[in-house]
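> Whatever this is, show me its structure:
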Amino acid sequence: MIGAIPTATVPALPGFRVVETLHVGARSTVLRAVRRDDGLPVICKLLSGADIGGEDKAAFLREFAIARRLRHAGIVEALDCVPHGNGLMMVFRDIGGAALDSLPDVRAEDVAVFLRMALQAVDALAAVHDAGVVHKDISPGNLIWNPATGQFNLIDFGIASELSREEAGDPDVGTMEGTLAYMAPEQTGRMNRSVDYRADFYALGATFHDFLTGQPPFPSGDPLELVHCHIARTPVPVHKLNPLVPEPLAAIVARLMAKNPEERYQSTFGLRADLERCLTEWRSHGRIQPFALAGRDVRPVLRIPQKLYGRTGQFRVLLDAFGRAAAGGFEALLISGYSGVGKSALVRELHKPVIARHGFFITGKFEPLKRDIPYAPVIEAFKTLVRQTFATGPESLALWRARLLAALGPNGRIITDVIPHVERLIGPQPPLPELGPVEAHERFIYVFRNFVRVFAGAGHPLVLFLDDLQWADLATLKLLEGLAGDPDLGHFLLVGTCRDTEVDAAHPLRHTIQTFGERGVPVRDVSLGGLDADAVVALLSDTLHAAPDDVRPLAERLIANTLGNPFFLGQFLESLEQSRADRL
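Numbers count the residues shown, from 1 in each chain. Model prediction:
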């Protein structure tokens with residue numbers, strides 16, 4: 001963020017005359033200064049703090065290296081990176097002006113002004129993407145504009161990625177990288193989608209929305225609510241909030257902010273063409289006629305659409321089970337199939353409907369080398385859930401605290417020993433009397449039941465997804481059986497996956513499934529096989545942008561070679577793209 005903070009203490013900076021402090025953060029300070037040697041206006045970004053470590057310095061140097069190689073008039077020019085105190089200092093050329101979020105009086109009364117700025121932003125983003133970089137933090141605070149000169153700079157590559165595609169994981173709301181108010185749905189880690197360059201298009205659209213209307217797409221200060229909005233809600237169209245904005249321009253912003261990356265612009269070329277058309281018409285006629293968007297859009301690389309193919313029936317089973325759980329039931333599902341068949345992908349598709357119902361979706365994964373750690377995946381899943389509560393407001397925190405204290409009573413130490421974050425909510429807990437192994441296990445199950453009921457309730461159903469149950473330890477299976485034996489536990493959906501080839505009749509998981517049934521919670525089995533011909537044809541048609549009949553012969557050959565396994569199909573298509581790239 002670049003915006004003056006006149007009351008901040010201005011530190012001494014040898015070799016520079018500091019003009020003002022622009023930003024003070026936990027790890028960095030940003031200063032506007034003049035280089036004494038030649039009088040050059042610069043921006044100095046200092047890595048500072050008492051506990052700076054090697055990882056902090058490495059990340060700082062990486063940010064500088066990325067910015068340094070992105071030579072473009074619309075990207076901040078990185079001049080130097082030097083030691084400073086116990087940290088480092090980056091020096092950038094200063095074009096003057098300020099960040100868009102520090103220019104509250106500059107809005108879209110003049111559409112041409114916005115369009116000229118927007119075209120500069122698109123050109124800068126094109127240079128970033130052409131260099132194989134995804135910015136991941138496009139926001140009003142990172143777009144610098146000098147209205148007097150018309151100069152524009154994209155800044156802050158602190159979390160930029162040099163990977164063409166990466167998984168967002170499932171980060172806690174409070175630790176997400178980026179600016180949540182402008183963040184693409186897939187970047188929240190709750191969309192079963194990897195993150196690629198198209199996440200920057202969403203963030204750019206959200207930033208344009210802010211500039212054109214004076215507010216972000218979803219004006220909420222609640223992090224969990226913002227995640228919900230990005231995933232499940234459509235923002236009010238720009239022209240409805242600002243009647244001065246022509247509808248075609250509002251449509252461009254809406255396309256940039258499509259929830260599905262495949263429905264956004266696919267290239268800066270196509271986006272630029274539409275903005276140029278808007279500018280030309282506005283200059284010539286003072287209005288913009290509606291037109292078909294993305295007419296000159298191109299797909300720079302082959303992208304396999306990240307959506308489910310051929311799983312409509314199976315996903316309906318999951319949705320129905322979640323619906324019953326949300327209504328108050330306890331539901332259990334087991335997704336089985338070969339490795340690579342898409343079990344985890346199917347389950348993660350539940351993320352969006354769960355968020356839409358204000359529910360919780362938490363995950364744990366069993367690993368063969370960690371079978372000696374009892375309860376580990378379940379504990380990790382609930383650690384994530386507890387950390388999410390800290391992103392809520394004071395009133396909500398007080399409510400969670402009261403619920404936990406009431407549910408755990410004198411046994412809170414059982415939970416705080418395995419999930420230390422709970423102690424931050426309910427305070428230190430008294431020690432408990434020592435018990436024998438059997439009694440201690442039974443006490444743990446009893447207390448854990450009460451703990452789970454706090455989070456699985458009306459208005460906030462809970463989905464617990466446990467991956468690779470074929471490697472589950474006995475203690476965890478007994479814990480799950482204990483949950484199934486709780487007549488008061490509802491609003492809860494347990495979903496597991498397993499490789500059915502590794503779960504024979506003698507496997508402990510079979511006993512757990514039987515026990516669930518005996519306790520009134522039948523485990524519904526959802527078996528996944530390879531994709532059928534129609535599904536593979538649809539996948540190829542969408543990926544290659546070809547007619548279904550044109551790709552059917554290829555689909556038949558692929559099914560013969562891969563048995564319709566989605567993972568192997570993806571590997572084959574990626575190898576095709578790599579072969580094409582190698583020939584260029």
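> Next, count neighbours for the closest residue to Glu502 other than its chain neighbours.
Closest residue to Glu502 apart from its sequence neighbours, by Cβ to Cβ, 6 or more residues apart in numbering: Gln470 at 4.2 Å. Where you see a C-beta, it was placed from the backbone N, CA and C, and this is true even at glycine. Gln470: 19 surrounding residues under other Cβ atoms under 10 Å.
> just Gly295 next, same as before
Neighbour tally, Gly295, other Cβ under 10 Å: 10.
> per-residue confidence for it?
Per-residue pLDDT puts Gly295 at 93.
> what's the nearest residue to it if we skip its chain neighbours?
Nearest residue to Gly295, sequence neighbours excluded (Cβ to Cβ, 6+ apart): Ala273, at 7.3 Å.
> model confidence over the helix or strand hosting the one you found, on average?
In this assignment (DSSP states H and E), Ala273 forms part of helix 268-285. Here helix 268-285 scores 97 as its mean pLDDT.
> Tell me which other helices or strands it touches.
helix 111-130, helix 247-256 (3 or more Cβ pairs under 8 Å, 6 or more residues apart in numbering; DSSP states H and E).
> Restricting to C-alpha, output the first one in CSV.
Coordinates of the C-alpha atoms in helix 111-130 are reproduced here as CSV (Å, rounded to 0.1, in the frame of the first residue of the first chain):
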residue,chain,number,x,y,z
VAL,A,111,-14.8,7.0,-18.1
ALA,A,112,-11.9,7.7,-20.4
VAL,A,113,-9.6,8.3,-17.5
PHE,A,114,-10.5,4.9,-16.0
LEU,A,115,-10.1,3.2,-19.3
ARG,A,116,-6.6,4.7,-19.9
MET,A,117,-5.6,3.6,-16.4
ALA,A,118,-7.1,0.1,-16.9
LEU,A,119,-5.3,-0.4,-20.2
GLN,A,120,-2.0,0.4,-18.4
ALA,A,121,-2.9,-2.1,-15.7
VAL,A,122,-3.6,-4.8,-18.3
ASP,A,123,-0.4,-4.1,-20.1
ALA,A,124,1.6,-4.5,-16.9
LEU,A,125,-0.2,-7.7,-16.1
ALA,A,126,0.5,-9.0,-19.5
ALA,A,127,4.2,-8.5,-18.9
VAL,A,128,3.9,-10.3,-15.6
HIS,A,129,2.1,-13.3,-17.1
ASP,A,130,4.4,-13.4,-20.2
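> Mind listing what's buried along it?
Using 16 or more other Cβ atoms under 10 Å as the test for burial, helix 111-130 gives 111, 114-129.
> go on, the shortest one?
Across helix 247-256, burial judged by 16+ other Cβ under 10 Å covers 248-256.
> Run through the neighbouring helices and strands of the one helix or strand Phe315 maps to.
For Phe315, the host element (DSSP H and E) is helix 312-326. Here helix 312-326 touches strand 330-336, helix 343-348, helix 351-356, strand 492-498, strand 523-527, going by 3+ Cβ pairs under 8 Å, 6+ apart.
> Looking at the ones you listed, which is nearest to Ala73?
Distance to Ala73, taken as Cβ to Cβ, is lowest for helix 351-356 among these, at 39.5 Å.
> so what does the next helix or strand along the chain from that closest one touch, helix or strand wise?
As assigned by DSSP H and E, the chain's next helix or strand after helix 351-356 is strand 360-365. The elements that strand 360-365 packs onto, with contact taken as 3+ Cβ pairs under 8 Å, 6+ apart, are helix 351-356, helix 376-389, strand 462-467.
> Between the helices and strands packed on helix 268-285, which one is closest to Phe152.
Across the helices and strands packed on helix 268-285, Phe152 has its closest neighbour in helix 111-130 (3.8 Å, Cβ to Cβ).
> same question for the helix holding Phe315, mean pLDDT?
Helix 312-326 comes out at a mean pLDDT of 97.
> ok, the residue nearest to Pro368 when sequence neighbours are not counted - contacts?
Take Pro368 and drop its neighbours on the chain: the residue closest to it by Cβ to Cβ, 6+ apart is Trp471, 4.9 Å away. With contacts defined as Cβ atoms under 8 Å, 6 or more residues apart in numbering, the neighbours of Trp471 are 366-368, 371.
> Turn those into JSON lines, including pLDDT and distance to Ala533.
As requested, the contacts of Trp471 are exported to JSON lines (pLDDT from 0 to 100; distance: Cβ to Cβ, whole Å):
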{"residue": "Phe366", "pLDDT": "96", "distance to Ala533": "34"}
{"residue": "Glu367", "pLDDT": "94", "distance to Ala533": "35"}
{"residue": "Pro368", "pLDDT": "90", "distance to Ala533": "35"}
{"residue": "Arg371", "pLDDT": "82", "distance to Ala533": "39"}
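> Can you say which of those residues are buried?
Looks like the contacts of Trp471 have Phe366 buried, using 16+ other Cβ under 10 Å.
> What is the nearest of the contacts of Trp471 to Leu46?
The closest of those, once distances to Leu46 are taken by Cβ to Cβ, is Glu367, at 41.0 Å.
> who's in contact with the closest one?
Glu367 touches 468, 471, counting by Cβ under 8 Å, 6+ apart.
> Touching, Val454 and Ala407? I think so.
Yes. Here Val454 reaches Ala407: they are 5.0 Å apart, a contact under Cβ atoms under 8 Å.
> that older thread, can you list the helices and strands packed on helix 268-285 in CSV and add distance to Ile355?
As requested, the helices and strands packed on helix 268-285 are exported to CSV (distance: least, Cβ to Cβ, whole Å):
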stretch, distance to Ile355
helix 111-130, 28
helix 247-256, 21
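> got a markdown table for those, with distance to Leu489 and mean pLDDT too?
Formatted as a markdown table, the helices and strands packed on helix 268-285 follow (distance: least, Cβ to Cβ, whole Å; pLDDT from 0 to 100):
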| stretch | distance to Leu489 | mean pLDDT |
| --- | --- | --- |
| helix 111-130 | 48 | 95 |
| helix 247-256 | 42 | 98 |
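> ok, and the closest non-adjacent residue to Leu61?
Among residues not flanking Leu61 along the chain, Cys81 sits closest, at 6.6 Å (Cβ to Cβ, 6+ apart).
> tell me which element that neighbour is part of?
Assigned by DSSP H and E, Cys81 falls in strand 78-84.
> what about that strand, distance to the chain center?
Here the centre of strand 78-84 is set off from its chain's centre by 31 Å, with Cα atoms, centre = their mean, to the nearest Å.
> What helices and strands are in contact with it?
Partner elements for strand 78-84 (3+ Cβ pairs under 8 Å, 6+ apart): strand 41-47, helix 54-69, strand 87-93.
> Tell me which strands that strand pairs with, and in which orientation.
As defined by DSSP bridges, the strand partners of strand 78-84 come to strand 87-93 (antiparallel).
> Report the angle between the strand it pairs with and strand 41-47.
Between the axis of strand 87-93 and that of strand 41-47 there is an angle of 160 degrees, by axes from the mean of the first three to the mean of the last three Cα atoms, to 10 degrees.
> Now do the buried residues in strand 87-93.
Within strand 87-93, the residues that qualify as buried are 87-92, counting by 16+ other Cβ under 10 Å.
> Then stretch 23-36?
So, applying 16+ other Cβ under 10 Å, buried residues of stretch 23-36: 23, 28-33, 35.
> Now find how far off-centre that stretch is within its chain.
Centroid separation for stretch 23-36 versus its chain: 29 Å, with Cα atoms, centre = their mean.
> and it, what's its mean pLDDT?
Computed over stretch 23-36, the average pLDDT equals 88.
> what distance separates the start and the end of it?
The straight-line separation of the ends of stretch 23-36 (Cα to Cα, to the nearest Å) is 22 Å.
> Could you do stretch 455-463 as well?
By Cα to Cα, the extent of stretch 455-463 from end to end equals 10 Å.
> follow-up on the earlier one: okay, the helices and strands packed on helix 312-326, which one's buried deepest?
Comparing the helices and strands packed on helix 312-326 by mean neighbour count (mean count of other Cβ atoms under 10 Å), strand 492-498 comes out on top with a mean of 25.
> Identify all contacting residues around the helix or strand that comes right after that strand.
Using DSSP H and E, the helix or strand that follows strand 492-498 in sequence is helix 508-518. For helix 508-518, the external contacting residues (Cβ under 8 Å, 6+ apart) are 332, 334, 469-470, 472, 474, 477, 480-481, 484, 498, 503-504, 522-523.
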